[in-house]
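Colleague: Model the structure of this input:
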Amino acid sequence: MLKQRWQRWLQRRIPPANSVLLTQRRIFIIPTRIGAAYGVALLLMLMAGVNYQNSPAYGLTFLLAAVFIVAILHTYRNLASLTLHAAGGSPVFVGEQATLRVRLSSNGRAHQSIALGWPPQALQQYDVPANGMSECEVTVPALRRGWLRPGRLRVESRFPLGILVAWSLVDLDQALLVYPRPIPGELPLAAGAREDDDEDQGARVLGMGADDYQGLKAYQPGDSKRRLHWKAYSRGHGLLVKDFAALAGRDLWLDFSELAGDNEMRLSLLCHWVLALSERQQSFALRMPGVELGPDSGETHREACLRALALFGDEDKR
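Modeller: Residues are numbered from 1 along each chain as shown. As a prediction, the model looks like this:
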(Lines give C-alpha, C1' and ligand atoms only; values in the text may rest on other atoms or scores of the structure.)
Protein backbone atom coordinates (compact mmCIF):
# COMPACT_ATOMS: atom_id res chain seq x y z
CA MET A 1 0.00 0.00 0.00
CA LEU A 2 2.75 2.44 0.95
CA LYS A 3 4.73 1.49 -2.16
CA GLN A 4 1.71 2.22 -4.38
CA ARG A 5 1.19 5.59 -2.72
CA TRP A 6 4.88 6.38 -3.17
CA GLN A 7 4.69 5.50 -6.88
CA ARG A 8 1.58 7.66 -7.38
CA TRP A 9 3.25 10.56 -5.59
CA LEU A 10 6.36 10.19 -7.76
CA GLN A 11 4.17 10.03 -10.87
CA ARG A 12 2.68 13.43 -10.00
CA ARG A 13 5.91 15.04 -8.86
CA ILE A 14 8.25 13.64 -11.57
CA PRO A 15 6.07 12.58 -14.53
CA PRO A 16 7.55 10.45 -17.36
CA ALA A 17 9.32 12.47 -20.08
CA ASN A 18 12.08 11.99 -22.65
CA SER A 19 13.99 14.88 -21.06
CA VAL A 20 14.02 15.77 -17.35
CA LEU A 21 15.58 18.84 -15.73
CA LEU A 22 16.51 18.27 -12.08
CA THR A 23 15.10 21.10 -9.99
CA GLN A 24 14.43 21.62 -6.29
CA ARG A 25 11.09 19.78 -6.49
CA ARG A 26 12.73 16.72 -8.05
CA ILE A 27 15.79 16.35 -5.80
CA PHE A 28 15.80 14.67 -2.39
CA ILE A 29 18.71 14.75 0.04
CA ILE A 30 19.47 12.59 3.08
CA PRO A 31 22.58 11.70 5.10
CA THR A 32 24.57 8.64 4.08
CA ARG A 33 25.71 6.06 6.67
CA ILE A 34 28.89 8.07 7.07
CA GLY A 35 26.81 11.22 7.46
CA ALA A 36 24.63 9.57 10.11
CA ALA A 37 27.75 8.55 12.05
CA TYR A 38 29.03 12.11 11.64
CA GLY A 39 25.82 13.45 13.16
CA VAL A 40 26.00 11.02 16.11
CA ALA A 41 29.59 12.11 16.73
CA LEU A 42 28.52 15.77 16.75
CA LEU A 43 25.79 14.98 19.27
CA LEU A 44 28.25 13.20 21.56
CA MET A 45 30.70 16.08 21.28
CA LEU A 46 27.95 18.54 22.16
CA MET A 47 26.94 16.49 25.22
CA ALA A 48 30.56 16.33 26.34
CA GLY A 49 30.92 20.09 25.92
CA VAL A 50 27.76 20.74 27.96
CA ASN A 51 28.82 18.26 30.66
CA TYR A 52 32.30 19.72 31.12
CA GLN A 53 31.44 23.30 30.17
CA ASN A 54 34.36 23.20 27.73
CA SER A 55 34.43 26.13 25.32
CA PRO A 56 36.84 24.54 22.77
CA ALA A 57 34.50 21.51 22.58
CA TYR A 58 31.60 23.88 21.83
CA GLY A 59 33.64 25.62 19.15
CA LEU A 60 34.72 22.40 17.42
CA THR A 61 31.19 21.01 17.53
CA PHE A 62 29.64 24.13 15.99
CA LEU A 63 32.42 24.30 13.36
CA LEU A 64 31.81 20.70 12.26
CA ALA A 65 28.04 21.31 12.28
CA ALA A 66 28.59 24.29 9.96
CA VAL A 67 30.61 22.05 7.64
CA PHE A 68 27.67 19.62 7.58
CA ILE A 69 25.24 22.42 6.66
CA VAL A 70 27.52 23.76 3.91
CA ALA A 71 27.88 20.20 2.56
CA ILE A 72 24.08 20.06 2.17
CA LEU A 73 24.19 23.06 -0.17
CA HIS A 74 27.14 21.80 -2.24
CA THR A 75 25.75 18.25 -2.56
CA TYR A 76 22.43 19.64 -3.77
CA ARG A 77 24.09 22.10 -6.19
CA ASN A 78 26.11 19.28 -7.79
CA LEU A 79 22.86 17.63 -8.94
CA ALA A 80 20.65 20.69 -9.49
CA SER A 81 20.20 22.02 -13.06
CA LEU A 82 21.41 18.74 -14.57
CA THR A 83 19.29 17.59 -17.54
CA LEU A 84 18.82 13.94 -18.47
CA HIS A 85 17.82 13.01 -22.03
CA ALA A 86 16.74 9.57 -23.26
CA ALA A 87 19.05 8.52 -26.12
CA GLY A 88 17.53 5.11 -26.96
CA GLY A 89 19.05 1.65 -27.17
CA SER A 90 19.51 -1.32 -29.50
CA PRO A 91 17.45 -4.55 -29.36
CA VAL A 92 18.97 -7.54 -27.56
CA PHE A 93 18.17 -11.21 -27.04
CA VAL A 94 16.83 -12.76 -23.85
CA GLY A 95 19.67 -13.40 -21.39
CA GLU A 96 21.83 -10.52 -22.63
CA GLN A 97 22.55 -7.20 -20.95
CA ALA A 98 20.40 -4.46 -22.45
CA THR A 99 22.18 -1.12 -22.87
CA LEU A 100 20.20 2.11 -22.76
CA ARG A 101 21.90 5.40 -23.57
CA VAL A 102 21.33 8.48 -21.43
CA ARG A 103 22.72 11.93 -22.24
CA LEU A 104 23.61 14.20 -19.32
CA SER A 105 23.87 17.90 -20.13
CA SER A 106 24.93 20.87 -18.04
CA ASN A 107 23.25 24.28 -18.23
CA GLY A 108 26.11 26.06 -16.52
CA ARG A 109 28.47 24.66 -13.88
CA ALA A 110 30.22 21.31 -14.01
CA HIS A 111 28.70 18.27 -12.30
CA GLN A 112 31.11 15.79 -10.75
CA SER A 113 30.70 12.09 -9.83
CA ILE A 114 27.11 11.76 -11.00
CA ALA A 115 25.98 8.15 -10.48
CA LEU A 116 23.04 6.59 -12.28
CA GLY A 117 21.53 3.17 -12.89
CA TRP A 118 18.69 0.82 -12.06
CA PRO A 119 19.02 -0.78 -8.60
CA PRO A 120 19.92 -3.45 -7.63
CA GLN A 121 22.45 -3.06 -10.48
CA ALA A 122 25.57 -1.11 -9.51
CA LEU A 123 25.39 2.59 -10.34
CA GLN A 124 27.85 3.99 -12.88
CA GLN A 125 29.61 7.33 -12.33
CA TYR A 126 30.14 10.12 -14.87
CA ASP A 127 31.43 13.69 -14.87
CA VAL A 128 29.67 16.39 -16.86
CA PRO A 129 31.75 19.41 -17.97
CA ALA A 130 30.45 22.95 -17.61
CA ASN A 131 28.04 23.82 -20.46
CA GLY A 132 28.77 20.40 -21.94
CA MET A 133 27.34 16.90 -22.05
CA SER A 134 28.27 13.34 -21.28
CA GLU A 135 27.03 10.21 -23.06
CA CYS A 136 26.23 7.39 -20.64
CA GLU A 137 25.47 3.72 -21.27
CA VAL A 138 23.46 2.10 -18.50
CA THR A 139 22.86 -1.66 -18.50
CA VAL A 140 19.99 -3.78 -17.23
CA PRO A 141 19.46 -7.55 -17.70
CA ALA A 142 16.94 -8.63 -20.35
CA LEU A 143 15.05 -11.45 -18.66
CA ARG A 144 12.04 -11.83 -20.94
CA ARG A 145 11.12 -11.11 -24.55
CA GLY A 146 8.98 -8.16 -25.59
CA TRP A 147 9.32 -4.54 -24.61
CA LEU A 148 11.81 -3.92 -21.83
CA ARG A 149 10.84 -0.92 -19.72
CA PRO A 150 13.30 -0.69 -16.83
CA GLY A 151 11.28 1.91 -14.94
CA ARG A 152 12.62 4.86 -12.98
CA LEU A 153 16.32 5.59 -13.23
CA ARG A 154 18.12 6.49 -10.02
CA VAL A 155 20.49 9.43 -10.33
CA GLU A 156 22.49 10.57 -7.33
CA SER A 157 25.47 12.59 -6.11
CA ARG A 158 27.56 12.20 -2.95
CA PHE A 159 30.02 14.94 -3.93
CA PRO A 160 31.95 16.58 -2.25
CA LEU A 161 32.27 14.92 1.19
CA GLY A 162 30.19 11.74 0.91
CA ILE A 163 28.27 12.48 4.12
CA LEU A 164 25.08 13.33 2.20
CA VAL A 165 23.44 11.92 -0.92
CA ALA A 166 21.25 14.01 -3.22
CA TRP A 167 19.13 11.75 -5.43
CA SER A 168 16.17 11.58 -7.74
CA LEU A 169 14.13 8.92 -9.54
CA VAL A 170 13.37 9.92 -13.13
CA ASP A 171 11.31 8.10 -15.72
CA LEU A 172 12.76 8.83 -19.17
CA ASP A 173 10.01 6.73 -20.81
CA GLN A 174 12.61 4.44 -22.39
CA ALA A 175 11.94 1.03 -23.91
CA LEU A 176 13.82 -1.38 -26.14
CA LEU A 177 12.87 -4.64 -27.81
CA VAL A 178 14.05 -8.00 -26.46
CA TYR A 179 14.08 -10.87 -28.98
CA PRO A 180 13.66 -14.54 -27.97
CA ARG A 181 16.81 -16.44 -27.09
CA PRO A 182 17.90 -18.27 -30.31
CA ILE A 183 18.08 -22.06 -29.84
CA PRO A 184 19.40 -24.34 -32.63
CA GLY A 185 17.08 -27.15 -33.68
CA GLU A 186 15.30 -28.94 -36.51
CA LEU A 187 14.30 -26.70 -39.39
CA PRO A 188 10.47 -26.43 -39.32
CA LEU A 189 8.78 -27.78 -42.45
CA ALA A 190 6.26 -25.46 -43.99
CA ALA A 191 3.34 -25.63 -46.36
CA GLY A 192 4.58 -27.03 -49.66
CA ALA A 193 7.36 -29.05 -47.98
CA ARG A 194 5.51 -31.80 -46.11
CA GLU A 195 6.83 -35.22 -45.14
CA ASP A 196 5.31 -36.87 -48.19
CA ASP A 197 7.21 -34.60 -50.58
CA ASP A 198 10.00 -36.32 -52.52
CA GLU A 199 13.64 -35.58 -51.95
CA ASP A 200 13.95 -33.12 -54.81
CA GLN A 201 11.07 -31.08 -53.38
CA GLY A 202 12.81 -31.00 -50.03
CA ALA A 203 15.85 -29.63 -51.83
CA ARG A 204 13.73 -26.81 -53.15
CA VAL A 205 13.36 -25.64 -49.57
CA LEU A 206 16.76 -26.30 -48.07
CA GLY A 207 19.32 -25.90 -50.85
CA MET A 208 21.10 -22.95 -52.37
CA GLY A 209 22.57 -22.51 -55.86
CA ALA A 210 21.83 -24.29 -59.18
CA ASP A 211 19.17 -26.94 -59.92
CA ASP A 212 21.16 -30.14 -59.42
CA TYR A 213 22.66 -32.59 -56.96
CA GLN A 214 25.81 -31.14 -55.37
CA GLY A 215 27.19 -34.14 -53.46
CA LEU A 216 27.49 -35.00 -49.75
CA LYS A 217 28.20 -32.78 -46.80
CA ALA A 218 28.48 -33.28 -43.03
CA TYR A 219 25.21 -33.30 -41.14
CA GLN A 220 24.42 -30.08 -39.28
CA PRO A 221 21.61 -29.54 -36.75
CA GLY A 222 18.58 -28.45 -38.73
CA ASP A 223 19.38 -30.48 -41.86
CA SER A 224 16.46 -32.58 -43.06
CA LYS A 225 16.70 -36.18 -41.86
CA ARG A 226 14.99 -37.24 -45.11
CA ARG A 227 18.26 -36.44 -46.92
CA LEU A 228 20.57 -38.51 -44.69
CA HIS A 229 22.87 -40.81 -46.68
CA TRP A 230 22.44 -44.06 -44.73
CA LYS A 231 24.76 -46.08 -46.95
CA ALA A 232 27.67 -43.80 -46.08
CA TYR A 233 26.74 -44.04 -42.40
CA SER A 234 26.70 -47.88 -42.56
CA ARG A 235 30.21 -47.80 -44.02
CA GLY A 236 31.48 -45.81 -41.05
CA HIS A 237 31.76 -42.42 -42.78
CA GLY A 238 29.62 -40.64 -40.21
CA LEU A 239 26.39 -38.75 -40.72
CA LEU A 240 26.28 -37.19 -44.19
CA VAL A 241 23.43 -35.53 -46.04
CA LYS A 242 22.76 -35.13 -49.72
CA ASP A 243 23.33 -31.54 -50.75
CA PHE A 244 20.92 -30.28 -53.41
CA ALA A 245 20.88 -26.84 -54.94
CA ALA A 246 17.80 -24.69 -54.71
CA LEU A 247 15.16 -24.97 -57.39
CA ALA A 248 13.39 -21.87 -58.63
CA GLY A 249 9.80 -21.15 -57.65
CA ARG A 250 9.92 -22.54 -54.10
CA ASP A 251 10.45 -20.43 -51.00
CA LEU A 252 11.33 -21.53 -47.49
CA TRP A 253 8.53 -20.99 -44.97
CA LEU A 254 9.23 -20.99 -41.24
CA ASP A 255 5.97 -22.20 -39.73
CA PHE A 256 5.14 -21.82 -36.03
CA SER A 257 2.49 -24.56 -36.18
CA GLU A 258 4.99 -27.16 -37.48
CA LEU A 259 7.10 -27.03 -34.30
CA ALA A 260 6.70 -28.99 -31.08
CA GLY A 261 7.05 -27.61 -27.56
CA ASP A 262 5.67 -24.61 -25.74
CA ASN A 263 5.39 -21.18 -27.30
CA GLU A 264 8.72 -19.91 -25.96
CA MET A 265 10.60 -22.92 -27.30
CA ARG A 266 8.96 -22.50 -30.73
CA LEU A 267 9.81 -18.81 -30.81
CA SER A 268 13.43 -19.54 -29.85
CA LEU A 269 13.77 -22.12 -32.65
CA LEU A 270 12.23 -19.74 -35.18
CA CYS A 271 14.55 -16.97 -33.98
CA HIS A 272 17.57 -19.19 -34.63
CA TRP A 273 16.45 -19.93 -38.19
CA VAL A 274 15.60 -16.31 -38.94
CA LEU A 275 19.18 -15.39 -37.98
CA ALA A 276 20.74 -18.34 -39.81
CA LEU A 277 18.86 -17.82 -43.07
CA SER A 278 19.41 -14.07 -42.97
CA GLU A 279 23.14 -14.66 -42.59
CA ARG A 280 23.02 -16.91 -45.68
CA GLN A 281 21.07 -14.18 -47.49
CA GLN A 282 18.41 -16.77 -48.32
CA SER A 283 14.83 -15.77 -49.00
CA PHE A 284 12.32 -17.09 -46.47
CA ALA A 285 8.91 -16.38 -45.01
CA LEU A 286 7.55 -16.52 -41.47
CA ARG A 287 4.09 -17.76 -40.53
CA MET A 288 2.64 -17.50 -37.03
CA PRO A 289 -0.90 -17.16 -35.70
CA GLY A 290 -2.07 -13.76 -36.93
CA VAL A 291 1.26 -12.99 -38.62
CA GLU A 292 2.56 -13.79 -42.10
CA LEU A 293 5.72 -12.15 -43.41
CA GLY A 294 7.54 -12.67 -46.69
CA PRO A 295 8.90 -14.44 -48.53
CA ASP A 296 11.74 -11.95 -48.66
CA SER A 297 15.34 -11.41 -47.57
CA GLY A 298 17.56 -8.61 -46.34
CA GLU A 299 18.02 -6.62 -43.14
CA THR A 300 14.54 -5.08 -43.17
CA HIS A 301 12.87 -8.48 -43.48
CA ARG A 302 15.11 -9.89 -40.72
CA GLU A 303 14.18 -7.08 -38.31
CA ALA A 304 10.47 -7.43 -39.13
CA CYS A 305 10.58 -11.16 -38.38
CA LEU A 306 12.51 -10.71 -35.13
CA ARG A 307 10.08 -8.01 -34.04
CA ALA A 308 7.12 -10.31 -34.74
CA LEU A 309 8.74 -13.07 -32.69
CA ALA A 310 9.50 -10.70 -29.80
CA LEU A 311 5.96 -9.32 -29.66
CA PHE A 312 4.10 -12.60 -30.20
CA GLY A 313 1.15 -12.62 -27.80
CA ASP A 314 1.98 -9.12 -26.52
CA GLU A 315 -0.91 -6.68 -26.70
CA ASP A 316 1.47 -3.74 -26.53
CA LYS A 317 2.82 -3.57 -30.12
CA ARG A 318 4.02 0.04 -29.60
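
Colleague: Could I get the phi/psi values of the residue of the chain positioned farthest from its centre?
Modeller: The outermost residue of the chain relative to its centre, with distances by Cα atoms, centre = their mean, is Gln53 at 60.9 Å. Backbone torsions of Gln53, given as degrees, to the nearest 10, read phi 50, psi 50.

Colleague: In contact with it, which residues?
Modeller: By Cβ atoms under 8 Å, 6 or more residues apart in numbering, Gln53 lies in contact with nothing. All C-beta spots, glycine's among them, are computed from the backbone N, C-alpha and C.

Colleague: Give me the pLDDT for it.
Modeller: With respect to pLDDT, Gln53 scores 84.

Colleague: Check Gly207 too.
Modeller: 40.

Colleague: Where do the helices of the stretch 1-150 of the chain begin and end?
Modeller: 2-13, 33-52, 55-79 (DSSP state H, counting those that start in this stretch).

Colleague: Indicate which one of the ones you listed is closest to Pro119.
Modeller: The closest of these to Pro119 is helix 2-13. By Cβ to Cβ, the value is 14.2 Å.

Colleague: okay, now Ser257: neighbour count?
Modeller: Residue neighbour count, defined by other Cβ atoms under 10 Å, stands at 11 for Ser257.

Colleague: Distance-wise, check it relative to Pro289.
Modeller: Per Cβ to Cβ, to the nearest Å, Ser257 is found 8 Å from Pro289.

Colleague: One more: Trp9?
Modeller: Counting by Cβ to Cβ, the gap from Trp9 to Pro289 is 42 Å.

Colleague: now the nearest residue to Tyr38 once chain neighbours are set aside: how far from Leu116?
Modeller: Counting by Cβ to Cβ, 6 or more residues apart in numbering, Tyr38 lies nearest to Ile163, which is 5.1 Å off, once chain neighbours are set aside. Distance, Ile163 to Leu116, by Cβ to Cβ: 21 Å.

Colleague: got the buried residues for stretch 262-270?
Modeller: For stretch 262-270, a neighbour-count test (16 or more other Cβ atoms under 10 Å) marks 264, 266-270 as buried.

Colleague: Run through who's touching that stretch.
Modeller: Residues outside stretch 262-270 that contact it (Cβ under 8 Å, 6+ apart): 145, 180-186, 188, 254, 256, 259-261, 286, 288, 309, 312-313.

Colleague: Now, those residues that are in strands?
Modeller: Among the contacts of stretch 262-270, the members found in strands (DSSP state E) are 254, 286, 288.

Colleague: from those, which single one is nearest Ala87?
Modeller: Nearest to Ala87 among those is Leu286, at 30.9 Å by Cβ to Cβ.

Colleague: Please report how far the residue nearest to Tyr38 lies from Ala48.
Modeller: Counting by Cβ to Cβ, the gap from Ile163 to Ala48 is 21 Å.

Colleague: and these two? which has more neighbours close in?
Modeller: Taking neighbours as other Cβ under 10 Å, Ile163 and Ala48 compare with Ile163 leading, 20 against 13.

Colleague: quick one, what contacts that one?
Modeller: So Ile163 contacts 31-32, 34-35, 38, 68, 71 (Cβ under 8 Å, 6+ apart).

Colleague: OK, contacts around Val94?
Modeller: By Cβ under 8 Å, 6+ apart, the contact set of Val94 is 142-145, 178-181.

Colleague: Give me the buried entries from the contacts of stretch 262-270.
Modeller: For the contacts of stretch 262-270, a neighbour count by 16+ other Cβ under 10 Å gives the buried set as 145, 180-182, 185, 188, 254, 256, 259, 286, 288, 309, 312.

Colleague: From start to finish, how long is stretch 42-61 in a straight line?
Modeller: One end of stretch 42-61 to the other measures 6 Å (Cα to Cα, to the nearest Å).

Colleague: So which bits of it are buried?
Modeller: 42, 45-46, 49, 57, 61.

Colleague: same question, stretch 104-114
Modeller: Under the neighbour-count criterion of 16+ other Cβ under 10 Å, stretch 104-114 has 104-106, 111, 114 buried.

Colleague: Pick out the most distant pair among these.
Modeller: Ser105 and Ile114 (11.4 Å).

Colleague: Going by distance to Pro295, which of the buried residues of stretch 42-61 wins?
Modeller: Of those, the one sitting nearest to Pro295 (Cβ to Cβ) turns out to be Leu42, at 74.9 Å.

Colleague: In contact with the closest one: list those residues for me.
Modeller: Residues near Leu42 by Cβ under 8 Å, 6+ apart: 61, 64-65, 68.

Colleague: Settle this for me: Ala48 is touching Leu60, isn't it.
Modeller: No: here Ala48 lies out of contact with Leu60, judged by Cβ atoms under 8 Å, at a distance of 10.2 Å.
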